[in-house]
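S.K.: Give me a 3D structure for the following:
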Amino acid sequence: MSSDANIVFVDSPSGTGYSYSNTTSDYSVFTDQSTAEDNLAFTLGWFAKFPEYKKNQFYLTGESFSGHYLPELAEQIVLYNEKPGVDYKINFKGFAVGNALTDGYSDNLGAIKFYYYHSLISDQTYTTLIENCNFSVDGPIVGSVPNATRDNVVDYVYGVELAEINPYNIYGLNCNPPATTNRPAFIEVPKTYLEGLFIILLDMKRA
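M.R.: Residues are numbered from 1 along each chain as shown. Prediction:
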């Protein structure tokens, strides 16, 4: 069987999505490091079960809290490949993270600045948010400490100023177009860019 690319979706850490563990403590104690180690164990186990894919180029992709987990897993793979005497080296080529959650302050302040410098919110809204948000703890949607002024302006942002805007694609439509709408044709990508194996870790942070 021939294919241009193979994609494996992983819910991680234990308890997210369809993932589970037979060890009770896995649901209460986990870190970026332990999650990366678990994901490496999964990766090695997957290749052991499907050895025909070992030669493929290997990439990691994900979004949101993968901004923590993917770099950690990438490091684990690099360290594994550097070990002497391993059965095989993972043909690791790189990773990409979209809409990455990294540092709370930078992420939260960055969201407001993105809205402002793309002219999605007014000067007054921007100033009020800057003056009333503690970006170390206040997300761009919900604050952790009661603040009526902040809450009112956030309601205005999402209820009025960004009501018709898709924050994940501000230049696109706010929802998927109807199936009858003419859609742009797909662009053929050279096969050399498609050959590989991708592990995609999506929305992996537990509530």
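S.K.: can I assume residue 104 is in contact with residue 135?
M.R.: Yes. Counting by CB atoms under 8 Å, residue 135 is a contact partner of residue 104 at 7.4 Å. Quick note: C-beta positions are derived from backbone N, CA and C, even for glycine.
S.K.: Tell me which of those two has more neighbours.
M.R.: residue 135 (18 against 13; other CB atoms under 10 Å).
S.K.: quick one: the helices in the protein?
M.R.: Applying DSSP state H to the chain gives helices spanning 32-49, 66-82, 104-117, 123-132, 148-156.
S.K.: Tell me which residue is most central in this protein.
M.R.: Centroid-nearest residue in the chain, with CA atoms, centre = their mean: residue 63, separated by 1.1 Å.
S.K.: what's the closest non-adjacent residue to that residue?
M.R.: For residue 63, ignoring the flanking residues on the chain, the nearest one in space by CB to CB, 6 or more residues apart in numbering is residue 98 at 4.4 Å.
S.K.: So residue 19 sits against residue 13, correct?
M.R.: Yes. Applying CB under 8 Å, one finds residue 19 in contact with residue 13, separated by 7.3 Å.
S.K.: show me the contacts for residue 159.
M.R.: Under the criterion of CB atoms under 8 Å, 6 or more residues apart in numbering, residue 159 has no neighbours.
S.K.: any idea how far residue 28 is from it?
M.R.: Distance, residue 159 to residue 28, using CB to CB, to the nearest Å: 37 Å.
S.K.: same thing with residue 104?
M.R.: Distance, residue 104 to residue 28, using CB to CB: 22 Å.
S.K.: related to what we said a few turns ago, for the residue nearest to the centre of the chain, list each beta-bridge partner.
M.R.: Following DSSP bridges, residue 63 is listed with bridge partners residue 98, residue 202.
S.K.: and the residue nearest to residue 63, how many residues sit next to it?
M.R.: Here the number of neighbours of residue 98 (other CB under 10 Å) works out to 12.
S.K.: Please list all residues in contact with it.
M.R.: 61-63.
S.K.: since we're on the closest residue to residue 78 other than its chain neighbours, how many residues are nearby?
M.R.: Distances taken as CB to CB, 6+ apart place residue 92 nearest to residue 78, at 7.0 Å, with adjacent residues excluded. Residue 92: 17 surrounding residues under other CB under 10 Å.
S.K.: pLDDT at residue 92, what is it?
M.R.: Among the per-residue scores, residue 92 holds a pLDDT of 94.
S.K.: What distance do you get for it to residue 4?
M.R.: Counting by CB to CB - residue 92 and residue 4 are separated by 19 Å.
S.K.: Could you do residue 18 as well?
M.R.: 26 Å.
S.K.: When the two are compared, which one has more neighbours?
M.R.: Using other CB under 10 Å as the criterion, residue 18 and residue 4 rank with residue 4 on top: 11 against 7.
S.K.: pLDDT weak spots in this protein?
M.R.: Scanning the chain for pLDDT under 70 picks out 1-3, 138-146, 175-207.
S.K.: Most distant residue from the centre of it?
M.R.: residue 85 (33.2 Å).
S.K.: wait, what's in contact with residue 167?
M.R.: By CB under 8 Å, 6+ apart, the contact set of residue 167 is residue 115.
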